[in-house]
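[1] sequence and predicted structure are below.
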Amino acid sequence: MPGVTFTPPPVPSSTAPLRSAVRYGVIALIVLAVVSAVVAYLVAGTPGLWGALIGSAVGGVFILATAASVLWSANLPPTTVGAVLLGGWLAKMLVAIVVLGILRGMDFYSRPALGLVLLASLLIVLGAETVGVLRQRAPYVDTPPSDGK
């Protein structure tokens, strides 16, 4: 048909799967925090509520920080990406040890609730990020630019 041009669909950016992973992970973390806080409160009262909130915060931030640092460093040189990921991992370990060490001597929270929700947040947020990456369409083959031949 004269005058009709075909416009190919836009190619998603290379960071689209990572952005999708972070988005799915945040949504899963919010849902988990709300549901686990309600259930833990009904089972163990206020200590259960605090345990669930602390567990979802520590576990969710632990996983989401990795995805966010990969997203942030996606366009950096490979050695810089490695340094960012290693530094982020060390920082996360240090923060987790300090937070759990501080909480060790306190009794305002339920330890079983914290442990169960921490484990659940690690699994659920990681699973949600995986679903986010798998649902995102992204090219995995780069075509070389044409030189007009």
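    Okay, I see it.
[2] can you give me the buried ones in stretch 84-91?
    G88 (16 or more other C-beta atoms under 10 Å). Heads up, the C-betas are built off the backbone N, CA and C, glycines and all.
[3] pull it out as PDB, backbone CA atoms only.
    Output of stretch 84-91 as PDB, limited to C-alpha atoms (Å, rounded to 0.1, in the frame of the first residue of the first chain):
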ATOM      1  CA  VAL A  84      30.600  -2.900  42.900                       C
ATOM      2  CA  LEU A  85      29.100  -6.400  43.400                       C
ATOM      3  CA  LEU A  86      31.900  -7.600  45.700                       C
ATOM      4  CA  GLY A  87      31.800  -4.400  47.700                       C
ATOM      5  CA  GLY A  88      28.000  -4.500  47.900                       C
ATOM      6  CA  TRP A  89      28.200  -8.100  49.100                       C
ATOM      7  CA  LEU A  90      30.700  -7.300  51.800                       C
ATOM      8  CA  ALA A  91      28.600  -4.300  52.900                       C
END
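[4] chain center to it: distance?
    Chain-centre distance of stretch 84-91: 15 Å, with C-alpha atoms, centre = their mean, to the nearest Å.
[5] average pLDDT for that stretch?
    The average pLDDT within stretch 84-91 is 92.
[6] ok, now stretch 98-113?
    So the average pLDDT for stretch 98-113 ends up being 92.
[7] what's the answer for stretch 66-73, then?
    86.
[8] what is the distance between that stretch and the centre of its chain?
    9 Å.
[9] how distant is the strand or helix carrying L94 from the center of its chain?
    Assigned by DSSP states H and E, L94 belongs to helix 78-104. Centre-to-centre, helix 78-104 and its host chain are 15 Å apart (C-alpha atoms, centre = their mean).
[10] for the helix or strand just after that helix, buried residues please.
    Counting by DSSP H and E, the element after helix 78-104 in chain order, helix or strand, is helix 111-135. Within helix 111-135, the residues that count as buried by 16+ other C-beta under 10 Å are 113-114, 116-118, 120-122, 124-126, 128-129, 132-133.
[11] in the chain, where is pLDDT below threshold?
    Per-residue confidence for the chain (pLDDT under 70) gives these ranges: 1-3, 6, 8-12, 138-149.
[12] how close does the one residue sitting closest to the centre of it sit to G25?
    The chain has L64 as the residue nearest its centroid, 2.8 Å off, counting by C-alpha atoms, centre = their mean. Distance check for L64 against G25: by C-beta to C-beta, to the nearest Å, it reads 5 Å.
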